[in-house]
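> my questions concern the predicted model and sequence given below.
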Amino acid sequence: MRVLIVEDEWEVAALIKSGLEEYDFVADTAGNAMEAQRQLAEHEYDTVILDVNLPVINGYDLCRMIRNKFGALPILMLTAFGSTDNKVDGFEAGADDYLVKPFEFRELVARLRALNRRNAGAPLEANVLKIADLEFNQQSKAVKRDNHKILLTARELALLEFFLKNQNRALTRNEIMEQVWDLNFDTGTNVVDVYVNYLRKKIDKDFPQKLIHTISGIGYIMQASDD
């Protein structure tokens, strides 16, 4: 698994790189957005670890650039900014995961491996999942609706896949959290609602038939009608 660490503090970057290499990761470092973009253009990465407080171009803006250019490449934000607003800003910028400094190294490794599993996927029994005019290819991770290609982040893909595999079944927020996020998140945050909103904007907003529905007091359901 090859990881790009985007961190402007050399000592911190070196520490993360050294720690990851002990777990048999291949790790490269970049000290700013321009260097990160050069590295991404030259090498193929499985995950990007991204600090927020970068010079000239901050981590949020760089995250958007990476997401626009590299599609579902998993991005984990690793930063000292730990408020709920900071986390939501990171997710809105396109991050798939968010870890606050200081952190336990084993948790960082576990999160990276979880993101890699989500992105790579295992061989699945059905290649294409469908509902109404929406199709999700589980091997290529391609999503389209009414033959229009839809670009999703790795976390959005995982959420959509979970919904599609549980069509017409009411899903609680806790169940979604447990199945789509591999580790325990702060239950005081509204990360599930935030990501469902992201997904709705991409697969429902521009189409007359809505597929994701809110069930008051419970959570969400994916179905082709409101019945």
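Okay, I see it. Numbering: from 1, shown residues only.
> once you drop chain neighbours, what's closest to Ala142?
Lys149 (7.1 Å; Cβ to Cβ, 6 or more residues apart in numbering). Every C-beta, even on glycine, is put in place using the N, C-alpha and C of the backbone.
> same question but for Gln167, I mixed them up
Nearest one to Gln167, counting by Cβ to Cβ, 6+ apart, is Met222 at 5.3 Å.
> just the CA atoms of the top helix by length along the chain, as PDB, please.
As assigned by DSSP state H, the longest helix anywhere in the chain is helix 105-120. Provided in PDB are the C-alpha atoms of helix 105-120 (Å, rounded to 0.1, in the frame of the first residue of the first chain):
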ATOM      1  CA  PHE A 105      -0.500   5.300  15.500                       C
ATOM      2  CA  ARG A 106      -2.300   2.000  15.500                       C
ATOM      3  CA  GLU A 107      -5.500   3.900  14.800                       C
ATOM      4  CA  LEU A 108      -4.000   5.700  11.900                       C
ATOM      5  CA  VAL A 109      -2.800   2.400  10.400                       C
ATOM      6  CA  ALA A 110      -6.200   0.800  11.000                       C
ATOM      7  CA  ARG A 111      -8.000   3.700   9.300                       C
ATOM      8  CA  LEU A 112      -5.700   3.500   6.300                       C
ATOM      9  CA  ARG A 113      -6.200  -0.200   5.900                       C
ATOM     10  CA  ALA A 114     -10.000   0.300   6.200                       C
ATOM     11  CA  LEU A 115     -10.000   3.000   3.500                       C
ATOM     12  CA  ASN A 116      -7.900   0.700   1.300                       C
ATOM     13  CA  ARG A 117     -10.300  -2.200   1.800                       C
ATOM     14  CA  ARG A 118     -13.200   0.100   0.900                       C
ATOM     15  CA  ASN A 119     -11.600   1.400  -2.200                       C
ATOM     16  CA  ALA A 120     -10.100  -1.800  -3.500                       C
END
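> could I get the pLDDT score of the residue nearest to Gln167?
In this model, Met222 is scored at 96, pLDDT.
> could you do Asp186 as well?
At Asp186, pLDDT is 55.
> please apply the same query to Glu21.
92.
> got the phi/psi numbers for it?
Phi and psi for Glu21, reported as degrees, to the nearest 10, are phi -70, psi -30.
> these two touch, right, it and Ala27?
Yes: using Cβ atoms under 8 Å, Glu21 is in contact with Ala27, at 5.9 Å.
> okay, the two: which has more neighbours?
Ala27 (20 against 12; other Cβ atoms under 10 Å).
> I'd guessed that one sits against Val6; true?
No: in this structure Ala27 lies outside contact range of Val6 using Cβ under 8 Å: 11.4 Å.
> identify each buried residue in stretch 91-101, please.
Neighbour-count burial for stretch 91-101 flags Phe91, Ala93, Gly94, Ala95, Asp96, Asp97, Tyr98, Leu99 (criterion: 16 or more other Cβ atoms under 10 Å).
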